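Visitor: coords please:
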Amino acid sequence: MPAFFLDAMHTPTHPTEAQPITALRALVESGEFQKALLATDAILLGPPHHREALYIRAVCQRFLGKVDEALSTLDRLEDLHPDYPRLYQERGHCHVAKRAAGPAIAAFEEAVQRNVSLPASWNTLKTLYRMTGRQADAERADKHVRMLAELPDPIVTAFSMYSDGEIEQAENLVRHYLTTHGNHVEAMRLLAKIGIDLDVADDAEFLLSTILQMTPHHHVARYEYVIVLIKQHKHHQALQEIERLLALDPTDQAFRITHATIRAGLGDYDTAIPLFRGLIEEAPQLADLPLSLGHAQKTLGKQGDAIASYRRAVTVRPNFGEAYWSLANLKTYRFDDQDIERMRTEEAKPRVRLEDRFHLCFALGKALEDRGAYADSFTYYERGNALKKSQCRYRPEPIERNAKLQREICTEELFARNVDLGCNDRGPIFIVGLPRAGSTLIEQILASHSQVEGTMELAEVPRLVGTLQGRTITGEEPRYPAVLQTLPPGALRQFGESYLADTKIYRSGKPFFIDKMPNNFRHLGLISLMLPNAIIIDARRDAMDCCFSNFKQLFASGQQFTYSFEDIARYYRSYVDLMEHWDHVLPGRILRVQHEDLVADLEGNVRKILAHCGLEFEPSCIEFHKTERRVHTASSEQVRRPISREGLGQWRHYAPWLEPLKAMLGSLAH
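Guide: Numbers count the residues shown, from 1 in each chain. Down below sits the predicted model:
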């Protein structure tokens with residue numbers, strides 16, 4: 001069997017697909033193309049979207065000389081699975097069979113852009129480039145051929161699996177290879193990529209830093225290291241690394257875009273915005289650039305400029321779902337009839353990318369909600385959540401297990417035994433709770449005080465938790481929070497001092513500063529041990545309003561519990577139970593601010609919040625919407641307006657479709 005069929009064939013993602021596909025592959029490998037073609041007919045009578053069956057069908061049609069039929073099958077495959085690299089490779093082979101060099105080159109280039117580890121595509125591109133006089137491109141393709149030839153076959157296969165979206169199989173294969181053969185740079189790089197995709201950024205960072213110790217001049221690995229540092233909000237360290245790369249090649253576009261992104265992450269918008277503007281002038285075809293510029297402008301409160309940037313992104317790429325969602329996520333923007341029709345059209349197209357599709361669904365949900373078309377709106381919210389959840393690997397059990405361990409480990413006795421062993425600084429103010437519970441409003445109120453600095457959702461506590469957790473094997477008893485019982489002398493003080501030092505880059509020197517990472521409610525035991533004088537505020541909102549508001553929200557990263565009613569209801573119940581525990585073992589430490597009460601009596605609750613923080617009342621806290629500051633969350637535009645009852649009870653518009661959520665919340669739902 002020719003290599004261009006075998007170079008990426010592997011076990012399908014779903015075990016139930018494996019047996020018929022294995023039989024199909026055996027027929028093809030033995031050259032029985034007609035039998036294999038007939039066998040695909042039988043398979044496609046079941047799930048007609050079966051990816052591997054459609055791909056093998058096209059291969060068989062080509063070998064049987066039915067090239068036009070093969071191309072039609074590939075068009076059908078692209079409608080269903082537009083991100084599948086091998087369909088473009090097979091399309092290239094079809095165009096070679098028709099002696100159409102131009103379309104063949106375009107198809108193979110699309111294939112290797114999506115999966116760099118396709119030897120057959122690179123080999124054929126090398127030949128086609130030479131035939132068409134593109135010698136420099138031919139040499140580049142030859143370099144890739146030689147590079148892939150030097151890699152062990154299991155690693156090439158694992159890269160193909162990864163590119164085909166079969167992440168679990170790729171991870172298992174590469175882990176097995178590393179276990180049996182020891183360190184291998186490219187295998188470790190792939191495992192780091194998988195870690196990034198699965199939100200295991202600390203593992204990815206460890207792998208990439210190890211690679212750089214082994215091969216300091218591996219510039220691709222260093223760039224990937226920068227990306228993983230950004231994902232962990234380690235912007236200062238990322239800046240140092242990207243500057244090393246820019247010193248080697250100051251013209252590299254990817255390095256320059258990443259540099260601008262890091263500057264924005266550091267809050268250095270005076271540098272970031274001109275960088276983005278310059279890049280847009282140089283590369284007006286890149287829709288991500290005006291999107292990033294719009295995010296920076298939104299954070300600064302320049303809503304008109306942000307809208308213009310987001311609209312420019314849509315003009316560059318009409319199906320750019322994230323740009324439409326960014327407009328919707330302003331919360332104050334209203335789409336017109338033409339916008340809604342355009343979004344509906346783009347979302348309905350068969351070849352739209354999954355990521356664009358679910359962004360468009362969330363944007364349409366918001367656009368139709370604003371018009372009172374609640375049934376239609378819910379349809380899009382529901383579809384968007386289902387599509388997004390299909391990308392996630394969230395499981396509620398580890399979260400609930402952690403909450404149970406927190407209750408068992410973080411007892412009154414533990415706090416009494418460690419009293420005064422932490423860092424006594426009074427500066428940090430932790431606002432915790434669920435997203436969409438009113439925490440940004442509390443942050444804006446406090447940040448309007450002359451003594452308080454508003455920062456952002458800081459990643460330092462989750463990062464410390466990751467360090468304490470370590471790299472445990474599945475099934476092992478977690479090290480955290482049990483490790484809190486056996487810390488060496490001085491560790492808690494060191495943790496607190498390190499937290500203050502690491503967050504200093506986000507502050508300007510005011511006595512108090514806010515850390516608004518909502519999920520820190522899970523780690524209030526650790527926080528109270530290492531920073532015993534820190535201020536803690538629990539932002540609480542009506543369960544139905546809070547849970548449904550999260551269901552309507554598409555988060556840029558994390559918060560994967562929000563994409564199904566069951567997951568969010570379980571998470572909310574776990575949150576309430578754990579907060580009851582903290583109230584019991586840390587009496588008086590936590591101020592609970594009910595969002596509905598804050599809206600009903602702004603001044604009374606503002607005075608209560610300030611008193612809890614030991615701050616004098618300042619009228620500016622009542623006029624929080626006039627405070628000019630950078631706001632990084634989805635509520636950025638809402639907190640720049642006077643307080644309103646508009647958001648209360650919004651779930652009731654969707655009551656006919658929310659009975660399952662209400663039942664899952666039980667007594668917590670009012």
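
Visitor: so how far is Glu497 from Thr503?
Guide: Using Cβ to Cβ, to the nearest Å, we find Thr503 at a distance of 11 Å from Glu497. C-betas here are computed from N, CA, C, even on glycine.

Visitor: the two: which has the busier surroundings?
Guide: Between Thr503 and Glu497, Thr503 has the larger neighbour count (other Cβ atoms under 10 Å), namely 19 against 15.

Visitor: give the contact list for that one.
Guide: Counting by Cβ atoms under 8 Å, 6 or more residues apart in numbering, Thr503 touches 428, 455, 458, 460, 513, 515.

Visitor: please repeat the previous calculation with a cut-off of 10 Å.
Guide: Neighbour list for Thr503: 427-428, 453, 455, 458-461, 513, 515 [criterion: Cβ atoms under 10 Å, 6 or more residues apart in numbering].

Visitor: so where does the closest residue to Glu347 other than its chain neighbours fall, helix or strand?
Guide: With Cβ to Cβ, 6 or more residues apart in numbering as the measure, Leu360 is the residue that lies nearest to Glu347, at 4.1 Å, once sequence neighbours are left out. Assigned by DSSP states H and E, Leu360 belongs to helix 354-370.

Visitor: which helices and strands sit right next to whichever helix or strand comes after that helix?
Guide: Following the chain from helix 354-370 toward its C-terminal end, the next helix or strand by DSSP H and E is helix 374-389. Here helix 374-389 touches helix 337-348, helix 354-370, helix 543-551, helix 565-585, going by 3 or more Cβ pairs under 10 Å, 6 or more residues apart in numbering; DSSP states H and E.

Visitor: which strands and helices sit next to the shortest one?
Guide: The one in question is helix 543-551. Using 3+ Cβ pairs under 10 Å, 6+ apart, helix 543-551 sits against helix 374-389, helix 565-585, helix 595-600, helix 659-665.

Visitor: now the second one against helix 374-389, angle please.
Guide: Using axes from the mean of the first three to the mean of the last three Cα atoms, to 10 degrees, one finds that helix 565-585 and helix 374-389 are set 80 degrees apart in direction.

Visitor: relative to the whole chain's centre, how far out is helix 565-585?
Guide: Centroid displacement of helix 565-585 relative to its chain, using Cα atoms, centre = their mean, to the nearest Å, is 24 Å.

Visitor: list the buried ones in it?
Guide: Residues of helix 565-585 classed as buried under the neighbour-count rule (16 or more other Cβ atoms under 10 Å) are 565, 567-575, 578-579, 581-582, 585.

Visitor: tell me which of the residues you listed is nearest to Arg175?
Guide: Distances from Arg175 to these, taken as Cβ to Cβ, are shortest for Asp567 (27.4 Å).

Visitor: mind listing what the nearest residue to the closest one once chain neighbours are set aside touches?
Guide: Spatial nearest neighbour of Asp567, chain neighbours left out: Phe561 (4.6 Å); criterion: Cβ to Cβ, 6+ apart. By Cβ under 10 Å, 6+ apart, the contact list for Phe561 reads 392, 394-396, 399, 434-435, 519, 550, 567-572, 574-575.

Visitor: Phe561 in helix, strand or coil?
Guide: Three-state assignment for Phe561 (DSSP: H, G, I helix; E, B strand; the rest coil): helix.

Visitor: how near is the residue nearest the centre of the chain to His523?
Guide: The centroid of the chain falls nearest to Ser557 when counting by Cα atoms, centre = their mean (3.3 Å). The gap separating Ser557 from His523 is 19 Å, by Cβ to Cβ.

Visitor: could you do Glu566 as well?
Guide: From Glu566 to His523 the distance is 24 Å (Cβ to Cβ).

Visitor: tally of neighbours for Leu487?
Guide: When neighbours are counted by other Cβ under 10 Å, Leu487 registers 16.

Visitor: shouldn't it be in contact with Arg479?
Guide: No: Leu487 sits out of contact with Arg479 when judged by Cβ atoms under 10 Å, with a separation of 11.5 Å.

Visitor: what touches both of the two?
Guide: Common contacts of Leu487 and Arg479 (Cβ under 10 Å, 6+ apart): Leu468.

Visitor: tell me the contacts of Thr486?
Guide: Arg479.

Visitor: quick one, phi/psi of Cys392?
Guide: Backbone geometry at Cys392, expressed as degrees, to the nearest 10, gives phi -90, psi 160.

Visitor: equivalent analysis for Ala539, please.
Guide: Torsion angles, degrees, to the nearest 10, at Ala539: phi -90, psi 110.

Visitor: how much space separates Arg130 from Lys608?
Guide: Counting by Cβ to Cβ, the gap from Arg130 to Lys608 is 76 Å.

Visitor: go on, Leu414?
Guide: Look at Leu414 and Lys608: by Cβ to Cβ, they are 29 Å apart.

Visitor: also Glu382?
Guide: Glu382 is 39 Å from Lys608, by Cβ to Cβ.

Visitor: quick one, phi/psi of Pro656?
Guide: Torsion angles at Pro656 (phi, psi; degrees, to the nearest 10) stand at phi -60, psi -20.

Visitor: ignore the last one, Arg540
Guide: According to degrees, to the nearest 10, Arg540 has phi -120, psi 140.
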